[in-house]
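Undergrad: Structure for the following, please:
(chains A, B, C and D)
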Number of protein chains: 2
Amino acid sequence: MGREAEARRNDRRVLDAAREVFATQGFDAPVSAVAARAGVGMGSLYRRYGAKADLLRHLCQLAMEQAVEAAEEGLANADAWAGLAGYVRTCVAFGSGALAPLAGTIETTPEMWRTSRRSRRLLGRLVGRARRAGVLRPGVTALDVAWLVEQFGHRPPHSMTAEDENVRGRLVTIALDGLRSSPAPRLPGRPPSAEHYERRWAWHVG
Amino acid sequence: MGREAEARRNDRRVLDAAREVFATQGFDAPVSAVAARAGVGMGSLYRRYGAKADLLRHLCQLAMEQAVEAAEEGLANADAWAGLAGYVRTCVAFGSGALAPLAGTIETTPEMWRTSRRSRRLLGRLVGRARRAGVLRPGVTALDVAWLVEQFGHRPPHSMTAEDENVRGRLVTIALDGLRSSPAPRLPGRPPSAEHYERRWAWHVG
DNA sequence: TTCAAGCGGAGCGAATCGCTCCGATAGACT
DNA sequence: AGTCTATCGGAGCGATTCGCTCCGCTTGAA
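TA: Numbering: from 1, shown residues only, chains lettered A, B, ... in the order given. From the prediction side, this is the model:
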């Protein structure tokens, strides 16, 4: 195997190892654990990613691209409900919300913001279509769905504002009504705000 | 204020501060942060709790007692569904599942095991009553409800076994059906096992 | 056979954390 | 009022951990 091929194989291994190590040990797991898991030396890892934050950013970017892909697949489904349900299942399955604890701990690149917004725009279309088809519970917004996805693969949030409580109250109602064998009433509280959803990712220096 | 009263006040302050600090910063937050938040010196904190693990164990114990109380309140409600729903809402509200990441990181005392089992027995009665009343979705077990509560106040799990996937698949279905304005089908997968539920808390030395 | 590009991992410096120890403080008792 | 002493607060110690660098070694190419 040539050096070039080995480099590509190493990059793949590092990415897989990073996903697994950070998912199981949390994001403050040592970089050496990632390198060991990948069967790669620290030197190779740090030549590819100049710092731990770079690796984490790349992981975020890949996860968001995966979410975009899931949304496009959902929209490709002719059945509006099956498309939305498939999106949620897919995102939860690959742990889309698992990177949420990183919010505010790493600097976000413009590319990350672009991908995030693209993902949310696609989800908006998915939800809007379901609403127009009449298969969606009244009052449910795209951000409700985004929060729901994120909640399923989440450690306790780093800050619990009144808006967070509002969001959680909605999710609890959803889960409760899913549990109950009866028709579903309208959701309580206010719809989540996009500003609140984004603000968590603002980087706090120092 | 007498020394005795000050000691009691300090104990309360430490507990409140610990809950807040660990909830917002995670369980590896420094003990000094708890002391600072409580407005108490390290000496006072460490005289009451000989080690950080002692403080965490006490926090677990209190949370489980709160869950027991919530279950008893639920059973006191004549309406079987309202009782169960109230239990879930209460547990999620005070972050009953927030201590789950501690599983396996601290030694569990016999008293903790007793309270845990008492809590689950009460939840079993709550769920059984709802089932007999016909207000509960078919196939839902007490542990389904326990997992659901825990999932809503959770960072990404430390280990993702096949059984974890099974559990998560159930929760996703519940949440999805809560989202959907249609009657709810039977839950997929197998019911969660009590052994799996408990095993996470086995202490791994070293 | 020689060269150098790329690899692995030992180890450094810094930062952090759990916990101890002791001077300061303020009720309790005479 | 004066003394005693139980309790308080927090500076600092020792140990651990982690991000990252640096260098000797491997291995494919010329």
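Undergrad: Spell out which parts of chain A neighbour DNA strand D.
TA: Within chain A, the positions adjacent to DNA strand D are A:1-3, A:28-32, A:42-43, A:46, A:50-53 by CB under 7 Å from any atom of the strand. C-beta here means a position set from N, CA and C on the backbone, and glycine is covered the same way.
Undergrad: measure residue A:36 to residue A:30 for me?
TA: 9 Å (CB to CB, to the nearest Å).
Undergrad: Mind checking which of those two has more residues around it?
TA: residue A:36 (14 against 11; other CB atoms under 10 Å in any protein chain shown).
Undergrad: Please give the element, helix or strand, for the more buried one.
TA: Using DSSP states H and E, residue A:36 sits in helix A:31-38.
Undergrad: is chain B contacted by the lengthiest helix in chain A?
TA: Longest helix of chain A, by residue count under DSSP state H: helix A:52-76. No. Helix A:52-76 is not in contact with chain B by CB under 8 Å from any CB of the partner chain; minimum separation 12.1 Å.
Undergrad: Check the average confidence over the next helix or strand after that helix, would you?
TA: Using DSSP H and E, the helix or strand that follows helix A:52-76 in sequence is helix A:80-93. The average pLDDT within helix A:80-93 is 88.
Undergrad: Can you check what angle separates helix A:80-93 from helix A:52-76?
TA: 160 degrees (axes from the mean of the first three to the mean of the last three CA atoms, to 10 degrees).
Undergrad: is any part of helix A:80-93 close to chain B?
TA: Yes. Helix A:80-93 comes into contact with chain B (CB under 8 Å from any CB), by way of A:81, A:85, A:88-89, A:92.
Undergrad: Touching the helix or strand just after that helix from outside, list them.
TA: Sequence order places helix A:110-132 as the next helix or strand after helix A:80-93, per DSSP H and E. By CB atoms under 8 Å, 6 or more residues apart in numbering or on different chains, the surrounding residues in contact with helix A:110-132 are A:57, A:60-61, A:64-65, A:67-68, A:71-72, A:74-75, A:80-81, A:83-84, A:87, A:136, A:140-143, A:145-146, A:194.
Undergrad: so helix A:110-132 versus helix A:80-93, what angle?
TA: Using the same axes, to 10 degrees: helix A:110-132 against helix A:80-93 is 140 degrees.
Undergrad: Please identify the buried residues of the helix holding residue A:36?
TA: A:31, A:33-35, A:37-38 (16 or more other CB atoms under 10 Å in any protein chain shown).
Undergrad: Break chain A down into its domains, please.
TA: With domains defined by automatic domain parsing, chain A comprises A:1-50, A:56-199.
Undergrad: least reliable of those going by mean pLDDT?
TA: Note on the domains of chain A: domain A:56-199 shows the lowest mean pLDDT, a mean of 78.
Undergrad: List phi and psi for residue A:136.
TA: When read as degrees, to the nearest 10, the backbone of residue A:136 gives phi -100, psi 140.
Undergrad: Now it. Nearest residue, chain neighbours left out?
TA: residue A:130 (4.2 Å; CB to CB, 6 or more residues apart in numbering or on different chains).
Undergrad: Pull up the gap between the one you found and residue A:71, please.
TA: Residue A:130 sits 12 Å away from residue A:71, taking CB to CB as the criterion.
Undergrad: now do residue A:109
TA: 21 Å.
Undergrad: neighbour count winner among those two?
TA: Set side by side, residue A:109 and residue A:71 show more neighbours around residue A:71, with 25 against 14, by other CB under 10 Å.
Undergrad: now, which of the buried residues of helix A:31-38 sits nearest chain B?
TA: Set against chain B, the nearest of the buried residues of helix A:31-38 by CB to the nearest CB is residue A:33 (13.5 Å).
Undergrad: ok, residue A:38 - contacts?
TA: Contacts of residue A:38 by CB under 8 Å, 6+ apart are A:10, A:13-14, A:16-18, A:45.
Undergrad: again, 6 Å this time
TA: Neighbour list for residue A:38: A:13-14, A:17 [criterion: CB atoms under 6 Å, 6 or more residues apart in numbering or on different chains].
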